[in-house]
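only the shape, not the letters, is given here:
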């Protein structure tokens, strides 16, 4: 069985004031807290002051401004997003950035996570091999809707890129757990409001983690 994945609590952030005293940042059971800043009400709220307020937590924060074409909420101009991600990089923050964005903006450094979210037709493993090949220093992340032979594609991606992260968008929550047992390095959870279809609740994962460590995944037998 693969090593236990890093658990990432994904939090929708609708207003910067929400970050003050955010309980997820104090929950040491999680390895990382993903702040989904594409939930902000306006692109004007996406600025360096957010990062300044988070400096004390930057070792545990994963910043994400997800493109609506890949499941995000807020449309952000490429210049605004580029400026924000460059500032995050300069200040030592980890971030998740789409592969498609890096193709458009080669001036933006790859983030800790380089991701691709396929909301329809599945890509071929050959295309993924070519697209993700250059990003050896990042965690490669592939999320797909459960269509066609998506499970085979996700497993092939794990074999092609050891240490990568894979998940389905809308499949059974146990499927995400199973993929983590098979090698997916990140397990995204929510603390009450999912930020992606099929996301597992944090409470459920906290109850299951001892079985990851014991090597006895008996929870698959229960509905």
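Alright, I've got the coordinates. Just so it is clear, the structure is predicted and the values come from calculations on it, not from any experiment.

which parts of this protein are strands?
Along the chain, the segments classed as strands by DSSP state E run 6-12, 32-36, 61-64, 94-98, 113-118, 139-144, 165-168, 186-190, 200-201.

can you list the residues that contact the second one?
When you say that, I think you mean strand 32-36. Contact with strand 32-36 is made by 6-13, 19, 22, 24-25, 27, 54, 57, 60-64, 66, 72-73, 94, 96, 186, 188, 195, as judged by CB atoms under 8 Å, 6 or more residues apart in numbering. Glycine gets a C-beta too; all of them are placed from N, C-alpha and C.

just the buried ones from those, in PyMOL syntax?
To isolate the buried members of the contacts of strand 32-36 in PyMOL, using 16 or more other CB atoms under 10 Å:
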select buried, resi 6+7+8+9+10+11+12+13+19+22+24+25+54+57+60+61+62+63+64+66+72+73+94+96+186+188+195
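
what about residue 99, how many residues nearby?
Neighbour count of residue 99, defined by other CB atoms under 10 Å: 21.

quick one: residue 179 and residue 168, what's the gap?
Residue 179 sits 8 Å away from residue 168, going by CB to CB, to the nearest Å.

which neighbours do the two share?
With CB under 8 Å, 6+ apart as the test, residue 179 and residue 168 both reach residue 154.

from residue 148, how far out is residue 110?
29 Å.

whoops, residue 49 was the one
Taking CB to CB, one finds residue 49 at 44 Å from residue 148.

ok, now residue 50?
Distance, residue 50 to residue 148, by CB to CB: 39 Å.

go on, residue 113?
From residue 113 to residue 148 the distance is 25 Å (CB to CB).

and the two? Which one has more around it.
Neighbours per residue, other CB under 10 Å: of residue 113 and residue 148, the larger number sits with residue 113, 24 against 11.

hmm, that one is touching residue 66, no?
No. Here residue 113 lies out of contact with residue 66, judged by CB atoms under 8 Å, at a distance of 11.3 Å.

who touches both of the two?
Residues touching both residue 113 and residue 66 (CB under 8 Å, 6+ apart) are residue 96.

tell me, how many residues neighbour the spatially closest residue to residue 74 that is not a sequence neighbour?
Distances taken as CB to CB, 6 or more residues apart in numbering place residue 38 nearest to residue 74, at 4.5 Å, with adjacent residues excluded. A total of 23 residues lie near residue 38 under the criterion other CB under 10 Å.

okay, residue 38: pLDDT?
Note for residue 38: predicted pLDDT of 98.

need the contact list for it.
Residue 38 neighbours (CB under 8 Å, 6+ apart): 64, 65, 66, 67, 68, 72, 73, 74, 76.

ok, those vs residue 154, which is closest?
Among those, residue 66 lies closest to residue 154 (CB to CB), at 19.4 Å.

state the distance from that closest one to residue 110.
Remark: distance between residue 66 and residue 110 (CB to CB) = 16 Å.

what of residue 193?
28 Å.

out of these two, name the residue with the larger neighbour count.
When residue 193 and residue 110 are compared on other CB under 10 Å, the one with more neighbours turns out to be residue 110, at 18 against 11.

give me phi/psi at the closest residue in space to residue 51 that isn't next to it in sequence?
Closest residue to residue 51 apart from its sequence neighbours, by CB to CB, 6+ apart: residue 91 at 5.3 Å. Torsion angles at residue 91 (phi, psi; degrees, to the nearest 10) stand at phi -90, psi 0.
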